[in-house]
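Engineer: Give me a 3D structure for the following:
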Amino acid sequence: MFISKPKLILSLACLFCSQLSVAEEWHMQVGGGVLNATRPYTQMDDITSFVPYFSAQYGNWNFGAGNGVVSYNFNQMPFDLSVGIGYRDETYDSDEIYQTDLSDAAVFTGYEDGEGDVVANITLGWNHFSFTAEQDISDHSGGLTLDASYMPVLYRGDKGAQFAIGAGIKWQNSNYTDYLYGIHGDNIAAQYGRNEYSAGSATNPYLAARFIYPVSKQLNLIAMAKLESLDDSIENSPLVDDNKSRSVALLLSYNWF
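Structural biologist: The predicted structure is shown next:
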C-alpha cells in the first residue's frame, strides 16, 4: 500500500488543523474507516483499504470530505447552494484506490492511463434532493459530470441515529467517458485485445444508503453503501468486464469543536 495524493492531502490537513487554536467558528470532524469497493476494469480485484476522514467548517467555508477540497456555502433558504474546487480520479491506476495491485489481464499490458482531474463544482440541495455538477479545470479529461439524487431519511432515532436510502443518476459527457474507457493512439494494441474504441456519454443510475449512529456526543459511526449500474458506453469498452460497480464504507468520526 502507498500513500496516495488524497491521503497525503487529508493527513496534512489534519496535522495543520491540529495546530490551530480552535475558536467557536471552527467545526471539525476527523476519523477514518474501511472501504470495500469494486471497479469495472477487467479482472480488477475488489479494493479493501483504510481511508482517512476529515471535514472542517469555518463560517460558510467547508474543507475536506464531502466538500471536495474547499467549498463555499451560500445557505440560500430554502435552497443550499455551494461552489468549490475538488479532485476526482476514476482512472485505471487511480490515486484514490489506495493500493498498488492492479489487474493482471493481458488487455492492460503496456497500457498508459490518464491523470486525475482538478474540478470546479457546484451543488444545489433542497430537502432530500441534491444536484451536483463537476467540470475539469486541469485540462486533463475535459470532462463534465452531473449527479442528481433523492435520499430521504426513513428513520430517526431518539439519540440522533438516522437511516437514509435513495436513488440517483450520474451523467458524464463523452470527453470524460472516453478519457476513462476509450482506446486511442499509442494505447491501441490489437495483440492484447486493445482495439481502438471511442466511448460516448454515459448515464449511470444508482442506489445508495447511509446510516449514522451517535456512539457518544462527539463520536459517530457512519456506514455508507452504493450500487451503480453502468451505461453500455462503458460496458462495451475492451478495458471493462462488468456492468456495475459498488462500494461499502464503515467510518468512525470524532466531532472536534
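Engineer: neighbours around the nearest residue to Thr109 once chain neighbours are set aside, how many?
Structural biologist: Closest residue to Thr109 apart from its sequence neighbours, by Cβ to Cβ, 6 or more residues apart in numbering: Tyr192 at 4.9 Å. Every residue, glycine included, has its C-beta placed from N, CA and C. Per other Cβ atoms under 10 Å, the neighbour tally for Tyr192 reads 16.
Engineer: One more: Thr109?
Structural biologist: 12.
Engineer: Need the pLDDT of it.
Structural biologist: Listed pLDDT for Thr109 reads 96.
Engineer: With Ala209 instead?
Structural biologist: pLDDT at Ala209 comes out at 98.
Engineer: Helices of the stretch 101-250 of the chain, start to end?
Structural biologist: Taking DSSP state H, counting those that start in this stretch, the helices of the stretch 101-250 of the chain run over residues 174-181, 232-235.
Engineer: so what's the residue nearest to Thr109 up against?
Structural biologist: By Cβ atoms under 8 Å, 6 or more residues apart in numbering, the contact set of Tyr192 is 106-110.
Engineer: next one: Val107
Structural biologist: Taking Cβ under 8 Å, 6+ apart, we find Val107 in contact with 42, 192-194, 238-239.
Engineer: Give me the nearest residue to it, chain neighbours excluded.
Structural biologist: Nearest residue to Val107, sequence neighbours excluded (Cβ to Cβ, 6+ apart): Gly193, at 4.7 Å.
Engineer: so that neighbour sits right up against Val240, yeah?
Structural biologist: No. The pair Gly193 / Val240 is not scored as a contact, 11.7 Å apart, by Cβ atoms under 8 Å.
Engineer: Those two: who's more crowded?
Structural biologist: Legend: neighbour count by other Cβ under 10 Å for Gly193 and Val240, higher for Val240 (21 against 15).
Engineer: now this structure, which segments are flagged as low pLDDT?
Structural biologist: 1-24, 65-68, 76-77, 95-100, 257 (pLDDT under 70).
Engineer: hmm, what's the outermost residue in it?
Structural biologist: Gln191 (33.8 Å; Cα atoms, centre = their mean).
Engineer: Find the centremost residue of the protein, please.
Structural biologist: Using Cα atoms, centre = their mean, the most central residue of the chain is Arg88, at 6.7 Å.
Engineer: Touching, it and Gly114? I think so.
Structural biologist: No. If you go by Cβ under 8 Å, Arg88 and Gly114 don't touch, sitting 11.6 Å apart.
Engineer: Which residue, other than its chain neighbours, is closest to Leu219?
Structural biologist: Leaving aside its chain neighbours, Leu219 sits nearest to Tyr254 (5.6 Å; criterion: Cβ to Cβ, 6+ apart).
Engineer: On the three-state scheme, that neighbour is what?
Structural biologist: Under DSSP: H, G, I helix; E, B strand; the rest coil, the three-state class of Tyr254 is strand.
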